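>>> coordinates for the following, if possible.
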Amino acid sequence: MDALGVVVALAAAFGLTLLILAVIVTVKAVKAVADGVHKQEVKARRAVENATLKAKSFAKPGDPGKLAAVRLELRTALDSTRQVLQAGHVEDSQLGESLQLLARLDTHAAELDTELRLLEREPDAARVSAKLPELRERADRITHSADSLRWAAQDRMRRFADDELVRLSKECEDEAGALRHWTPADAPTGSADGPADAGAGAGAGAGAARGAAGAERDASRRGITAGRQPSAEELLGLAAEPLSRLAERLRKPGRPGPAAADRP
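Coordinates of the predicted model:
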């Protein structure tokens, strides 16, 4: 009974652990889905607000249209810089500090956007005209700072891409040069005309061998007649043949000619 109780307790603990893990995974999945939905909702709402501001900047004349244009420029600069920095931060961790600075700019931009939105609802046109230059100057400073971060990040990424392209081009040239070295390692590499020189040397060696063979034959012929006057046979070239072959040729009976066949 004690062993059975231990097994049951272990099974219950294992089942409870699995249940807790399933609950944790489910909660995380629900939270991730909720975060994704929230981000999509924020993007959609911001896109609608940007479209509305763009329409107001063209449709409303005077100060209301200028306020909408300032808000739109501020949002556009910050959104563009955020996209560039987030895309570059994946490969370059140094852009993390730029993202932190952009977050601080977002805080000031949010405060300024709130003031501009409240000023749009201000019924006093004189107050709107008086506050607009100051708010525009603040918006220009934030926009310029965001643009500076974006331009610096773009220049940095382009410089890294250029350096990488230079290194890659050098490696490709080295590999191409290595692929063109098809000459065997044991072949002479003194000059570019190595194969031609080798062919010429081989031809010269063959000519020398033929010359040596001819000289040997001449020497043998001269040896036959050394110390005496050459005979008629030697002058006709018969002395070059062996004496046995010459004697055999002389003993061979000749064929009967027509005159011999006609004899009685």
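>>> give me the neighbour count for residue 78.
Burial of residue 78 is recorded as 23 neighbouring residues (other C-beta atoms under 10 Å). The way it works is simple: take the backbone N, C-alpha and C, and place the C-beta from them, glycine included.
>>> repeat for residue 68
By the other C-beta under 10 Å criterion, the neighbourhood of residue 68 contains 22 residues.
>>> what about the nearest residue to it once chain neighbours are set aside, which SS state?
With C-beta to C-beta, 6 or more residues apart in numbering as the measure, residue 56 is the residue that lies nearest to residue 68, at 3.7 Å, once sequence neighbours are left out. At residue 56, secondary structure determined by DSSP: H, G, I helix; E, B strand; the rest coil is helix.
>>> need the contact list for residue 56.
For residue 56, the contact set (C-beta atoms under 8 Å, 6 or more residues apart in numbering) comprises 64-65, 68.
>>> could these be laid out in a markdown table, adding pLDDT and secondary structure?
Output for those, formatted as a markdown table (pLDDT from 0 to 100; DSSP: H, G, I helix; E, B strand; the rest coil):
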| residue | pLDDT | secondary structure |
| --- | --- | --- |
| 64 | 86 | helix |
| 65 | 88 | helix |
| 68 | 90 | helix |
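>>> save the residues you listed as a markdown table, and put in distance to residue 4 too.
Output for those, formatted as a markdown table (distance: C-beta to C-beta, whole Å):
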| residue | distance to residue 4 |
| --- | --- |
| 64 | 81 |
| 65 | 83 |
| 68 | 77 |
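>>> going by distance to residue 2, which of those wins?
Within those, the smallest distance to residue 2 is 79.5 Å, found for residue 68 (C-beta to C-beta).
>>> pLDDT on the helix or strand containing residue 32, on average?
Secondary-structure element containing residue 32, defined by DSSP states H and E: helix 2-59. Averaging the model's pLDDT scores along helix 2-59 yields 82.
>>> likewise for stretch 175-189?
The model assigns stretch 175-189 a mean pLDDT of 71.
>>> could you look up the SS state of residue 61?
coil.
>>> run a quick neighbour tally on it.
Applying the criterion other C-beta under 10 Å, we find 8 residues in the vicinity of residue 61.
>>> repeat for residue 79
Per other C-beta under 10 Å, the neighbour tally for residue 79 reads 14.
>>> look up how far residue 136 lies from it.
To residue 136, residue 79 is 19 Å away according to C-beta to C-beta, to the nearest Å.
>>> could you measure from residue 25 over to residue 32?
Here residue 25 is placed at a distance of 11 Å from residue 32 (C-beta to C-beta).
>>> low-confidence regions, the stretch 151-264 of the chain specifically.
Low-confidence segments of the stretch 151-264 of the chain, defined by pLDDT under 70: 183-264.
>>> try 50 this time
Within the stretch 151-264 of the chain, the set of residues satisfying pLDDT under 50 comprises 189-206, 223-227, 235-236, 238-240, 255-264.
>>> residue contacts, the residue nearest to residue 74 when sequence neighbours are not counted?
The spatial neighbour of residue 74 that comes closest, neighbours along the chain excluded (C-beta to C-beta, 6+ apart), is residue 139 at 5.0 Å. Residues touching residue 139, when contacts are defined by C-beta under 8 Å, 6+ apart, comprise 70, 73-74, 112, 116.
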